[in-house]
Structures are given as C-alpha cells and as structure tokens.
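Visitor: Sequence isn't available, so here's the structure alone:
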C-alpha cells in the first residue's frame, strides 16, 4: 500500500523559507544596485553602504537562482503533496497558476538581472518590472495561506511549517 504525502519534506520547507527570506531582502534592499549602476554610468562615487548592498543584491540573486533550481529538482524527484480539497475548483486553479508564476519569476528575475548587470538596458528596466509583480504575488500568497489556515482550516499552511510524510 502506497502512502500519500500530506506535507513537504524538511528540505523543501527549509528551501521555501530561505528563498522567501532572500527574495524579501532583494525587495527591500535592491534599490542599492540601481544606485551603484547609475553611479558607475555617471562616474560618480557611491557610498560604502550602497556598494555593499549592491554586491549583496548580486550574490543573493545568484544564490536564489541556484536554490530555486535545487527546489525544482527536489519537486521533480520527491513530488509535492496534493492540494487541499476544500474550497471551490477555481482556488486550486489559482493556486497552481500562482505557484507556476512564482517559479517563473524566481528563475527569470535573477537571469534578467544578470543580463542587466552585464549588458545593460533594456534588461535593467525589465528586471525592475518584476518587483511590483513579486509584491502583489507575495501578498496574495500570504493572504491565501492565512485564509486556508483561519477560514477553511484545511491544514494548507501547516504543510509549509512542519514536515509531513
């Protein structure tokens, strides 16, 4: 008899939260990279704080890309639990679509950022457009998780907080 997974593995959960923390760092401190690039184009000096944050933005972007690739590989190898059966069908479709968009953004944003860094515009402008998309998607994701936890009470949030088999 085959066991059905009810939650994610410890590694999948850890990667989820590490990637989330890295993305939030990028959203809050990513403007320093713009400051550094603009200063370099203008031949102007940049503060040591902006230089450090710009460098961090670069390396955290590369780290995020690597961790997302690992997470996708783990998903292919280990799978993922079935979505909760509560709620209307459109919610499962929306969840699948939003997760797909997350993975797409998590892969393309660092790649486009690298293109922006090494090639320049229009890649920098395209890279910047992803920030508001991430903000909206993260907000919807968080509200949906809380809705599942406190309204539907279907255990969806628990699956990203504690490992299941």
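Guide: Yep, it's here. If you're wondering where the values come from, they're calculated on a predicted model, not measured in any experiment.
Visitor: For the rest of this, base every contact and every neighbour count on C-alpha atoms.
Guide: Fine.
Visitor: Give me the buried positions along stretch 31-47.
Guide: 32-33, 35-37 (16 or more other Cα atoms under 10 Å).
Visitor: List just the nearest of these to residue 53.
Guide: Distance to residue 53, by Cα to Cα, is smallest for residue 32 among the buried residues of stretch 31-47, at 5.8 Å.
Visitor: mind listing what's buried in the helix or strand where residue 104 lies?
Guide: Assigned by DSSP states H and E, residue 104 belongs to helix 89-118. Residues of helix 89-118 classed as buried: 98, 102-103, 105-107, 109-117 (neighbour count, 16+ other Cα under 10 Å).
Visitor: just stretch 117-132 next, same as before
Guide: Residues 117, 123-124, 127-128, 130-131 are the ones in stretch 117-132 that count as buried (16+ other Cα under 10 Å).
Visitor: Distance from whatever helix or strand residue 144 lives in to the middle of the chain?
Guide: Per DSSP H and E, residue 144 falls inside helix 123-147. Between the mean C-alpha point of helix 123-147 and the mean C-alpha point of its chain there is a distance of 9 Å (Cα atoms, centre = their mean, to the nearest Å).
Visitor: repeat for stretch 47-66
Guide: Average the C-alpha atoms of stretch 47-66, do the same for its chain, and the two points are 16 Å apart (Cα atoms, centre = their mean).
Visitor: So which elements touch the lowest-mean-pLDDT helix or strand in the chain?
Guide: Ranked by mean pLDDT, DSSP states H and E, the weakest helix or strand in the chain is helix 31-42, scoring a mean of 89. Packing contacts for helix 31-42, counted by 3 or more Cα pairs under 8 Å, 6 or more residues apart in numbering; DSSP states H and E, involve helix 48-78.
Visitor: other SSEs contacting the helix it packs on?
Guide: Where contact means 3+ Cα pairs under 8 Å, 6+ apart, helix 48-78 is packed against helix 10-29, helix 31-42, helix 89-118.
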